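Peer 1: got a predicted structure here, sequence first:
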Amino acid sequence: MTKIYPIDKIRDIGFIAHIDAGKTTTTERVLFYTGISHKIGNIDDGDTVMDWMDQERERGITITSAATTCFWIPSYRNQDSNYEYRINIIDTPGHIDFTAEVQRSLRVLDGAVVIFDGVAGVESQSETVWHQADKYNIPRMCFINKMDRIGADFYKGLRSIYERLTPNAQPINIPIGAEDKFEGVVDLITMKAVYFEGERGEKIVTKEISSDLLDKAKEYRKLLIEKIVEQDEKLLNEYLEGKEPTEEKIREILRNATIKGDIVPVLCGASFKNKGVQLLIDAIVEYLPSPKDVPDIEGIHPKTGEKIICPPDDKKPFAALVFKVANDPYVGTLSFFRVYSGVFKKGNYILNATKSSQERIGRLLQMHSNRREELDEIRAGDIAATVGLKNTGTGDTLCDINSPVILEKIFFPEPVISIKVEPQTKSDQEKMSLVLKKLAEEDPTFQVKTDEETSETIISGMGELHLEILVDRMKREFNLKVDTGKPQVAYRETIRKIVESEGKYIRQSGGRGQYGHVLLRLEPLERGKGFEFVDSIKGGDIPKEFIPAVRKGIEEALEKGILAGYPISDVRATLYDGSFHDVDSSDFAFKIAGSMAFQDGAKRANPVLLEPIMKLEVVVPEKFLGDVVGDLSSKRGLIESMHDRGSMKVIDAKVPLAEMFGFATTLRSMTEGRGTFTMEFFCYKEVPSNITEEIMGKQSVA
C-alpha cells in the first residue's frame, strides 16, 4: 500500500532554466540520491531518466516536461523518518520553442528551483522563465550550477541575479573554490564546510571552514542573518543587542520569507560532478512551500458563476486541473493532472466540468518520466496521470460529480511560424488528419488549419525547432511520411483608426427572402489583445437570437484578412445598431451582414500588416563582434546592448522573425562555429511599408 504523506510533507516543485543550464542533469542526481534510480543518467550518454524521447536524447535537450516523484529526509535530520518528505518534480524544457511546457507546469506547481550556468549567470531565457514564475506568484530558490566549468564565477552569477531578476536573492551557501578547484560548499547556516566524497558524491562530509575562506564566509553569514532578522521585529531587537538567532529559528524565518517571496535562497554546486545536490534537496523540503502554504486555489461554479475555494484538504470535494495531455505508444492518451483538494479512488466516475461530461477513471498512475506505477487513490497535493479520457484536454477541470467547479484555465502564446505539410501518399491523407489532431491535443501552441483556397494543410508553432520536432514525431511515432514546405512567418493584420460601417444583406428569390442589417464600430486595440466583440444593441433593433450569428460572421472575416489574407487581430467590433425583417431575417443573413460590415470597415480603417519581432541573444568571440553586429543590422535588427560574459561578447537585439531564417548557418560560418544564439517571441510590430508591398506582391502571385 502506498504511504500517505501529511499535506505539510508534500512538495510540488519544478526545475526551470535557460537551455543547457543543467536542469535534467540536476534532476538525475536528485533521483539517484533519493533512491529512485540506481545509476546516474547523463545527457551526453543519452541514458537520462527524464529525457526519454529519442529526439531529446539525440539533441541533448529537454522537449517535454517530465514528472516524477521521490522521497527525502534532510541530511542533517539523521534519517529520522518523521522528517521524510514526498517531492513531486517536473523537469521543464529550457528551449523557448517549448514555452508551453514551462507555462503549464508552472500553473500547477507550488515552488520552483531556477538553475543558472555558473559561467553565464542570468541568460535571456532565465529572465523569461523567471517572469513566467512571477505571473503565477511562485516562491523559488536559485541554484548556480556548473561551478566546475572554466570561467565559473559564483559571485558574478549572484550579481546578475540581483541586477536582472530580484534584489531579494540571498546566498545560503557559497563555493569552496571554482573551476577545476571546486571542492564543495560552505553552509552559511551551520557555518561548516561541506564536501561530497565517494565515487558519486553520495557521502556528505562536514569539516571546519579553512582559514583562507573564513572571512568571506563570515561576511556572507552576516548578510544572511541581517536579511533574516529584518523579517521579525523581536529578532531584530535581539540582534542589535548582540544575540544571534538559533539555527532552528534561522530555518523557520527563512522558510516563511521564501514562501512570501521576501527572500530567494541561492545555493551553488556542480551537478555533473555530484557536488552540492543533496543540500539543494534539503533546501527544497526546508524552504519551498507545501500545498497548504500557498493560497487556496479558486474556481467558479459552471452554472452560477459563484466563487468556490478548493483548499488542500482530503475531506473536501475532489478538484484537479489537467495540465498536460500526451500520447503514449503503449497505453494511449495520458492525462496529467494536479490534485488541489479531496481524494479520488480508481474505478469511480469523475466530472469534466469544463466540457460538462462524465468519464470513468479505471487507472491512476504515478509517473516516473515514461515509467508508470499503478495507484489505487490520489489525494490533495498529488501530481498523477490517468489513461483513456476521451474528451479531456489541457486546462480542463476534473471534479466530484456532486460538487462541480471550474478552475482557472492555462493561457498559451499564439504561434509565430508556419509550414505547409502534405502526405507522400494518398493513403496517408486520412491518417495525417488523425495524427495532427492528436499532436494538437497534446500541445496547445501547435495549430493546424486548412487553406480554403488551396486545400493545403498548414501547421503552426513557436519556432523552427518546434515544428521540426513535431514533423520528426509524425515520422517516428506514427510512421507517417510527410513533405514540408519552407517555413512561413505568421503575419497578422490590424487597423489603425476608428471607423463605423454598415452591412446589409438582402436577397429576394421568390418565397421567403433573406434580410440582415448591421452597423458596426471598429476600433484598434493594444498589441496582443486579440479580438473583442461588444453587443450594444438597445431596444431590440436586432433580436438577441441573431447576435451570435453577427459575431460569427465577423470572426470568419477576421480569418481572411484585408491586405494580404492574414488573420486580423487587436480589434474591437461594437455592434451598435441595425434592423431586421419579421419574416426574412435569419442567422445566415445576419452572419453575412456582419462579415460585409467588418470587411467594409476594415478596408477604411487604415489597415496595416504586423510581423513577429524576436528577442535575440547572440554569444560570440570578440573578434567576430563587428561582423555579427553588421549582419544583424542588415536584417532590420535593433541592437539594444552588448556586454561581456567571460571571454565572450553578448549581443542583445530585437529582430523581425522574417529575417532570421538560416541565421544559425550564417552565424556558424561567420564565427568559425563558435557563435551561439537563442531567440524568443517578443511582440508584434508594424511592417515597414516597402516590406508590406513585397509581402502583398508575393501573396497575390501565390
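Peer 2: Sure thing, it's come through.
Peer 1: now do the helices in the stretch 251-400 of the chain.
Peer 2: Here the stretch 251-400 of the chain has its helices, by DSSP state H, counting those that start in this stretch, at 277-287.
Peer 1: how about stretch 181-196: buried residues?
Peer 2: Within stretch 181-196, the residues scored as buried using 16 or more other CB atoms under 10 Å are 182-189, 192-196. Where C-beta positions appear, they are placed from N, C-alpha and C, glycine not excepted.
Peer 1: cool, stretch 245-252 as well?
Peer 2: Pro245, Ile250, Arg251.
Peer 1: what residues does it touch?
Peer 2: Ile189, Thr190, Leu224, Ile225, Ile228, Val229, Leu235, Glu238, Tyr239, Ile253, Glu286, Tyr287 (CB atoms under 8 Å, 6 or more residues apart in numbering).
Peer 1: shouldn't the second one be in contact with Thr206?
Peer 2: Yes - between Thr190 and Thr206 there is a contact under CB atoms under 8 Å: 7.4 Å.
Peer 1: out of the contacts of stretch 245-252, which are inside helices?
Peer 2: Among the contacts of stretch 245-252, the members falling in helices (DSSP state H) are Leu224, Ile225, Ile228, Val229, Leu235, Glu238, Tyr239, Ile253, Glu286, Tyr287.
Peer 1: can you turn the buried part of the residues you listed into a ChimeraX selection?
Peer 2: Selecting the buried subset of the ones in helices among the contacts of stretch 245-252 in ChimeraX, with 16+ other CB under 10 Å as the burial test, is done by:
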select :224,225,228,229,235,239,253,286,287
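Peer 1: possible to save the ones in helices among the contacts of stretch 245-252 as a markdown table with pLDDT?
Peer 2: Listed next are the ones in helices among the contacts of stretch 245-252 as a markdown table, based on pLDDT from 0 to 100:
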| residue | pLDDT |
| --- | --- |
| Leu224 | 95 |
| Ile225 | 94 |
| Ile228 | 93 |
| Val229 | 93 |
| Leu235 | 89 |
| Glu238 | 89 |
| Tyr239 | 88 |
| Ile253 | 95 |
| Glu286 | 94 |
| Tyr287 | 96 |
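Peer 1: out of everything not next to it in sequence, what's closest to Asp328?
Peer 2: The shortest distance from Asp328 to any non-neighbouring residue, by CB to CB, 6 or more residues apart in numbering, is to Leu334 (5.1 Å).
Peer 1: residue contacts, that neighbour?
Peer 2: Here Leu334 is in contact with Val325, Ala326, Asn327, Asp328, Leu365, Met367, Ala385, Thr386, Val387 (criterion: CB under 8 Å, 6+ apart).
Peer 1: which one of the residues you listed is nearest Asp587?
Peer 2: Within those, the smallest distance to Asp587 is 33.5 Å, found for Val325 (CB to CB).
Peer 1: how about the strands in the stretch 101-250 of the chain?
Peer 2: In the stretch 101-250 of the chain, the segments counted as strands under DSSP state E, counting those that start in this stretch are 111-117, 140-145, 169-171, 173-176, 184-187, 192-197, 203-207.
Peer 1: kindly reformat these as TSV containing distance to Pro423 and mean pLDDT.
Peer 2: TSV is the format used below for those (distance: least, CB to CB, whole Å; pLDDT from 0 to 100):
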stretch	distance to Pro423	mean pLDDT
strand 111-117	41	93
strand 140-145	44	96
strand 169-171	52	96
strand 173-176	55	96
strand 184-187	56	95
strand 192-197	54	94
strand 203-207	57	92
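Peer 1: distance to Ile401 for those - can I get that in CSV?
Peer 2: Shown next, in CSV, are those (distance: least, CB to CB, whole Å):
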stretch, distance to Ile401
strand 111-117, 32
strand 140-145, 36
strand 169-171, 46
strand 173-176, 49
strand 184-187, 50
strand 192-197, 51
strand 203-207, 49
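Peer 1: so for Pro413, which of these sits nearest?
Peer 2: Going by CB to CB, the one of these nearest Pro413 is strand 111-117, 19.4 Å.
Peer 1: and the residue nearest to Arg363 when sequence neighbours are not counted, what does it touch?
Peer 2: Of all residues not flanking Arg363 in the chain, Val387 sits nearest, at 5.0 Å (CB to CB, 6+ apart). Shown in contact with Val387 (CB under 8 Å, 6+ apart): Asp328, Val331, Gly332, Thr333, Leu334, Ser335, Gly362, Arg363, Leu365.
Peer 1: of all these, which two lie farthest apart?
Peer 2: Maximum pairwise distance among the contacts of Val387 (CB to CB): 15.2 Å, between Asp328 and Gly362.
Peer 1: now do the strands in the stretch 301-450 of the chain.
Peer 2: Using DSSP E, counting those that start in this stretch, strands in the stretch 301-450 of the chain cover 307-310, 319-328, 332-341, 343-345, 349-352, 357-360, 364-368, 371-375, 377-379, 383-387, 397-399, 406-407, 417-423, 447-450.
Peer 1: same deal with the stretch 451-600 of the chain?
Peer 2: 457-461, 482-484, 488-489, 492-494, 499-507, 514-524, 531-535, 571-579.
Peer 1: so which of those is nearest Phe663?
Peer 2: Across these, the minimum distance to Phe663, taken as CB to CB, is reached by strand 488-489, at 13.6 Å.
Peer 1: name the helices or strands packed onto that closest one?
Peer 2: strand 417-423 (3 or more CB pairs under 8 Å, 6 or more residues apart in numbering; DSSP states H and E).
Peer 1: dump the buried residues of stretch 245-252 into TSV; add pLDDT as well.
Peer 2: Shown next, in TSV, are the buried residues of stretch 245-252 (pLDDT from 0 to 100):
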residue	pLDDT
Pro245	90
Ile250	93
Arg251	93
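Peer 1: considering the contacts of Leu334, which possesses the most neighbours?
Peer 2: In terms of neighbour count, Thr386 stands highest of those at 25 neighbours, by other CB atoms under 10 Å.
Peer 1: who are the contact partners of that one?
Peer 2: Thr386 sits next to Leu334, Ser335, Phe337, Ile361, Arg363, Leu364, Leu365 when contact means CB under 8 Å, 6+ apart.
Peer 1: got it, and Arg221?
Peer 2: Leu188, Met191.
Peer 1: can you pull the pLDDT of it?
Peer 2: What the model reports for Arg221 is a pLDDT of 95.
Peer 1: one step back: okay if I get the strands of the stretch 451-600 of the chain as a markdown table plus mean pLDDT and mean neighbour count?
Peer 2: Below are these laid out as a markdown table (pLDDT from 0 to 100; neighbours: other CB atoms under 10 Å):
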| stretch | mean pLDDT | mean neighbour count |
| --- | --- | --- |
| strand 457-461 | 84 | 21 |
| strand 482-484 | 84 | 15 |
| strand 488-489 | 82 | 16 |
| strand 492-494 | 92 | 23 |
| strand 499-507 | 93 | 17 |
| strand 514-524 | 94 | 23 |
| strand 531-535 | 93 | 15 |
| strand 571-579 | 94 | 20 |
